[in-house]
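Asks: Predicted model and sequence follow; I will ask about them next.
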Amino acid sequence: MSEVLLAILAGFIVGVLFSAIKLPIPAPPVLPGVMGIVGVYAGGAAYHWILEKIMTG
């Protein structure tokens, strides 16, 4: 849980700094960005699951 809080804090600080120096926020649009992250996580989990099934099965 502390990793999640640190990630949120780091993101918040980056957002404030980028806004303060008038640069665009370095993030994709909210929903597509979140779905991309979910897709990356799901792909990694699927890879490990498939690899485990091949090795043990």
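Replies: Right, received. Where do you want to start?
Asks: mean confidence for the lengthiest helix in the chain?
Replies: Counting residues, the longest helix found in the chain (DSSP state H) is helix 30-56. Per-residue pLDDT over helix 30-56 has a mean of 90.
Asks: Any figure for the gap between the most centrally placed residue in the chain and residue 30?
Replies: By CA atoms, centre = their mean, the chain has its centre lying nearest to residue 37, at 4.7 Å. Look at residue 37 and residue 30: by CB to CB, to the nearest Å, they are 11 Å apart. Placement of C-beta: from N, CA and C, glycine included.
Asks: Same question for residue 41.
Replies: 17 Å.
Asks: so how many other residues sit close to the nearest residue to residue 18 once chain neighbours are set aside?
Replies: Nearest non-adjacent residue to residue 18, counting by CB to CB, 6 or more residues apart in numbering: residue 25, 5.5 Å away. By other CB atoms under 10 Å, 10 other residues sit near residue 25.
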